[in-house]
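**Q** sequence-free structure coming up:
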C-alpha cells in the first residue's frame, strides 16, 4: 500500500521534467561535470606531454627559440650512444631499488612495532613522521652538514666508537649510498603511518582465530597480516617507485650529480641538460625516456603484482 | 531551477577555464601596451637580477638603493636569484616567457652562449665610447662578433691565500711561494701529523675548472685551440697540473676538499679559517670574508708560477637584455654606467674584495692606500687571460671537471682522463 503510493508519487514527479531538453541534458550531463577537470588536465598534463614529445624531435634551446631545427631521432640516438646516460640510468635504478625496498621494509617492521594504542607509541610515530613534513631542501642542507667528512656529526659519532671516518658524499663509491640513506630517512615516516592505518583495518577476529589455532607468530604474519595488508603494500610500492624515480632536490643541493657523475640521476640530468647546457632537445628526449620508464614500471606492477593483491 | 543553476555554473566555469587558457599569450602584450602610459608619469622601472648572496649581496643592494635615491628618472628593482647558474636558468626561462629582466649578471664563461643566441643587447649605441674607462684586462669577455655585449662588474681572479703566522712559525717567507716547486716545499713544511693522522695540510684547492685553467696557463698552455674548434689540454701543458696535484695528494701535503662545485670551495675556506690548512686557492671575492673571519694574519699572493705566472679572470659581467624596450634600455644603461663608475667601484671593491673595474679607480689614492692584499689581484691582472669564449663552454667545463676529478680520485690516469675529455669536447665544439 505505502509502496504503491511512493511509486506513484515518484512516477508523477519524473513526468514533470520536460522531455526533450531533458534527454539532451541527461546525455551531456556527465561530460559537463567532467569538463572543468578535463580542461585542467588537458592544459596542464596532456598538452605539455604532447608538446614535450614534439620538442624531443628538435634541436633547440631556451636561449633562442627561433632557431629550432628538426632532427628526427637524433636526440635519442645521442642519448643512447652516450656512456654517461647509461650511468645516469643505472644510478636511477640502483637508487630506486634500494630506496623503495629499504624504505618499505624498515617502515613495515616499525609499523608492526608501533601498532599499539599507548601514548609512548604515539610520540614515536610523530617523531618518525616529522621528516615527511619538513621541506626536502632543508633536509638536504642538514644532511650535508651531518655528512661533512671533517666536521660532520656522523663521523664524530663513528670516531667516538673508535671506527674509521666514512667518506660519505666525497667518494664515488659512497655518495649514492649516502643519498639513499637520506631518502630512506625521509620516506620511512610516511610509509610507517600508512602501514599502521592498514594494520588497524585488519579485523581482530582473524588474529583471534589464529590464536585459537595456536598459529606461530611468523605464520600469522605471513598468512594473515601480509595478505590483508597487500593493497597498502601495492599502493606504497607504486607511490615510492615513482617518487624515487623523480629524485631531484637532494642531488641538486648535496652532490650536483657528482663526484664524477656517481649520483647523477634522470631528473637532475634533464635539468642540467635543459637549463645549464642549453640542450633543450636532449632534455626533452630524456624526459620522454623518463615518462616511458615510469609508465612501463607502473604497468608492470599492475599486470604482475595486482593479481596478488587481496581486496576485501 | 536549482538544476539549471548548477548547469550554468559548470558551463561558465569550464568556459572561463578555456578562455584563460587561450588568452595566456595575450597577457604580456597587453601589459606592455599599458607600461608606457605608466612610465610617463613616474620614473622608468627596470628589473635587475643579481646572483650574489650574503655580505656581497647586501653591499650590492645598498648600491642600488643609493642609485634610486640619487635621481628620479630610473627606478631599479633588484632581485636576488641564487648563484650564477641559478640566475642564468631563471633568465633563460624568463626570456622564453617574455618577462625577462632588463639588466642581469652573467658569469663570464657563459657570455658567449647568451650572446650567440642574440639574447644580449648591443651596448655600443648607449655607451658611446664610454667603455674606454674600464681596465682593458677585464674587457676580454665582453665582445662577441666584435659587438660590445657586456661590461665588467664583479670581477675576480684566483689568489693564493696564506696563513702568514703559520708560515712564519715554520720559518718560511710570509710572502708565500713563488713557483710550483716552492709551493710543494712550503706545503711539506706546513703539513703536520699527529698519531698517524694529518691534522694540518699545507695546501688545499677545490679540483675546479677555474684553478685548472690557471695551472694550464701557468704551464704555457691553453684550454682551447686558437680557432676554438678543439680542446688543447690533451698535451704536456694540460697534463702538468694533474701530475702536480696528484703528486702533492700522494705525498699527503695537499687536501682535495670533498663536495661538489661550491661545496668544495666552502670546505677549503672553512679549513683555512680553522687553521687546518695553511694555504688555499680561492677567489679575490673571498678576501673580505676570510679577513673578517680568520683569527690570524691573512695574506694574499699571486698563484705560483710554473713556466710563468698565469690566471683566468672570473666573476660576472653586467649585460642588457635585447628584448627590453628602447626606453628601458636607456634607463638600464644609466644604471650600468653609474654602478661601474669610479666613485662606486672603489667602495664596491673595498667592501667585497672584487676588483675595481675602471683604470681611474686603480690609479686612485684610495685604492693605493688600501690594504696591499687588495692590490694583489690588480697586479696579477697583467698575467690574466680571458675564459674561453665559445657558446658550449658551460657544458665543456663540466666535462673537463668530471674528467680531471676522475683522475684526481684515482679512477683514471691523466692521459686517459684528458683524452676522454678531448673526445667529448670534439662533439661539443662542432655545434
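**A** Perfect, thanks for sending it. On a predicted model such as this, the values are computed, not experimentally measured, just so you know.

**Q** Show me which residues of chain A are close to chain B?
**A** A:25, A:29, A:32-33, A:35-36, A:39-40, A:43, A:61-65, A:67, A:144, A:148-151, A:167-172, A:255-261, A:272, A:275-279 (C-beta under 8 Å from any C-beta of the partner chain). For every residue, glycine as well, the C-beta is placed using N, CA and C.

**Q** Which members of these occur in helices, if any?
**A** Among these, DSSP state H puts A:25, A:29, A:32-33, A:35-36, A:39-40, A:144 in helices.

**Q** Which among the residues of chain A next to chain B count as buried?
**A** A:35-36, A:39, A:43, A:61-64, A:144, A:148-150, A:167-172, A:255-261, A:272, A:275-279 (16 or more other C-beta atoms under 10 Å in any protein chain shown).

**Q** contacting residues for the closest residue to chain A within the stretch 151-300 of chain B?
**A** Using C-beta to the nearest C-beta, the closest approach of the stretch 151-300 of chain B to chain A is made by residue B:258 at 2.9 Å. For residue B:258, the contacting residues are A:148-149, A:167-171, B:264, B:267, by C-beta atoms under 8 Å, 6 or more residues apart in numbering or on different chains.

**Q** ok, how many other residues are close to residue A:147?
**A** For residue A:147, the neighbour count with other C-beta atoms under 10 Å in any protein chain shown is 25.

**Q** what's near enough to touch it?
**A** Shown in contact with residue A:147 (C-beta under 8 Å, 6+ apart): A:154, A:168-169, A:178, A:254.

**Q** Over to residue B:248?
**A** Residue B:248 makes contacts with B:184, B:187, B:203, B:254, as judged by C-beta under 8 Å, 6+ apart.

**Q** which SSE is it in?
**A** helix B:236-251 (DSSP states H and E).

**Q** any idea how far the nearest residue to residue B:72 once chain neighbours are set aside is from chain A?
**A** In this structure, residue B:72 finds its nearest non-sequential neighbour in residue B:43, 5.5 Å apart by C-beta to C-beta, 6 or more residues apart in numbering or on different chains. Applying C-beta to the nearest C-beta, to the nearest Å, one obtains 31 Å for the distance of residue B:43 from chain A.

**Q** And residue B:43, its phi and psi?
**A** Recorded main-chain torsions at residue B:43 are phi -70, psi 160, according to degrees, to the nearest 10.

**Q** For it, grab the count of nearby residues.
**A** Using other C-beta under 10 Å, residue B:43 has 14 neighbouring residues.

**Q** That one touches residue B:76, doesn't it?
**A** No - here residue B:43 does not reach residue B:76: they are 9.4 Å apart, not a contact under C-beta atoms under 8 Å.

**Q** Just give me the neighbour total for the residue of the stretch 1-150 of chain B found nearest chain A.
**A** Chain A sits closest to residue B:117 of the stretch 1-150 of chain B, with a gap of 3.4 Å, by C-beta to the nearest C-beta. Residue B:117 has 20 neighbours, counted by other C-beta under 10 Å.

**Q** Span of stretch A:160-180 from start to end?
**A** 24 Å (C-alpha to C-alpha, to the nearest Å).

**Q** just stretch B:375-387 next, same as before
**A** The first residue of stretch B:375-387 is 21 Å away from its last residue (C-alpha to C-alpha).

**Q** quick one, what contacts residue 126?
**A** In the absence of a named chain, chain A is used. Listed by C-beta under 8 Å, 6+ apart, residue A:126 has no contact partners.

**Q** I was thinking of chain B, sorry if that wasn't clear
**A** Taking C-beta under 8 Å, 6+ apart, one finds B:320, B:329-330, B:333 in contact with residue B:126.

**Q** Which strand or helix spans it?
**A** Taking DSSP H and E as the criterion, residue B:126 maps to helix B:124-127.

**Q** Would you mind naming what in the stretch 51-200 of chain B lies close to chain A?
**A** So the stretch 51-200 of chain B meets chain A at B:85, B:88-89, B:92-93, B:95-96, B:113-114, B:116-119 (C-beta under 8 Å from any C-beta).

**Q** repeat that with 7 Å
**A** Counting by C-beta under 7 Å from any C-beta of the partner chain, the stretch 51-200 of chain B comes close to chain A at B:85, B:89, B:92-93, B:96, B:113-114, B:117-119.

**Q** For the residues you listed, which single residue is the most surrounded?
**A** Comparing these by number of neighbours (other C-beta under 10 Å), residue B:114 comes first, having 27 neighbours.

**Q** Who are the packing partners of whichever strand or helix holds that residue?
**A** For residue B:114, the host element (DSSP H and E) is helix B:111-116. The elements that helix B:111-116 packs onto, with contact taken as 3 or more C-beta pairs under 7 Å, 6 or more residues apart in numbering or on different chains; DSSP states H and E, are strand B:143-144.

**Q** pLDDT of the helix or strand encompassing residue A:138, averaged?
**A** According to DSSP H and E, residue A:138 maps onto helix A:136-146. In this model, helix A:136-146 has an average pLDDT of 89.

**Q** List of residues touching that helix?
**A** Here helix A:136-146 makes contact (C-beta atoms under 7 Å, 6 or more residues apart in numbering or on different chains) with A:131, A:152-154, A:182, A:186, A:249-250, A:253-254.

**Q** Strands of the stretch 1-150 of chain A, start to end?
**A** For the stretch 1-150 of chain A, applying DSSP state E, counting those that start in this stretch gives strands covering A:58-59, A:69-70.

**Q** Just name the most buried of the ones you listed.
**A** When the strands of the stretch 1-150 of chain A are scored by mean count of other C-beta atoms under 10 Å in any protein chain shown, the highest mean neighbour count falls to strand A:58-59 (a mean of 18).

**Q** rewinding a little: so how far is residue B:419 from the residue of the stretch 151-300 of chain B closest to chain A?
**A** 27 Å (C-beta to C-beta, to the nearest Å).

**Q** burial of the closest residue to residue A:253 other than its chain neighbours, as a residue count?
**A** Computed as C-beta to C-beta, 6+ apart, the closest residue to residue A:253 that is not its neighbour in sequence is residue A:140, at 4.0 Å. Residue A:140: 19 surrounding residues under other C-beta under 10 Å.

**Q** Ramachandran angles for the residue nearest to the spatial centre of chain A?
**A** In chain A, the centroid-proximal residue (C-alpha atoms, centre = their mean) is residue A:243; its distance is 2.6 Å. With angles defined as degrees, to the nearest 10, residue A:243 sits at phi -70, psi -30.

**Q** Which strand or helix spans residue 185?
**A** Because you didn't say which chain, this covers chain A. Secondary structure from DSSP H and E places residue A:185 in helix A:175-200.

**Q** Chain B, not that one
**A** Secondary structure assignment for residue B:185, by DSSP H and E: helix B:180-190.

**Q** who's in contact with that helix?
**A** Helix B:180-190 is contacted by residues B:166, B:170, B:172, B:177, B:200, B:202-203, B:244, B:248, B:253-254, B:278-279, B:304, B:306 when judged by C-beta under 7 Å, 6+ apart.

**Q** Next up, the contacts around residue B:107.
**A** By C-beta under 7 Å, 6+ apart, residue B:107 lies in contact with B:84, B:316.

**Q** so what's it bridging to?
**A** residue B:316 (DSSP bridges).

**Q** With residue B:134 instead?
**A** residue B:358.

**Q** Could you double-check that it lies in contact with residue B:152?
**A** Yes - the pair residue B:134 / residue B:152 is scored as a contact, 5.6 Å apart, by C-beta atoms under 7 Å.

**Q** intersection of neighbour lists for these two?
**A** Counting by C-beta under 7 Å, 6+ apart, the residues touching both residue B:134 and residue B:152 are residue B:357.

**Q** if you average pLDDT over stretch A:107-116, what comes out?
**A** Stretch A:107-116 carries an average pLDDT of 90.

**Q** Correction: the previous question concerned stretch B:132-150.
**A** In the prediction, stretch B:132-150 has an average pLDDT of 92.

**Q** Now residue A:231. Its backbone dihedrals?
**A** Dihedral angles for residue A:231 - degrees, to the nearest 10 - are phi -60, psi -40.

**Q** which residues in the stretch 51-200 of chain B form helices?
**A** Using DSSP state H, counting those that start in this stretch, the helices of the stretch 51-200 of chain B run over B:54-70, B:84-97, B:111-116, B:124-127, B:164-169, B:180-190.
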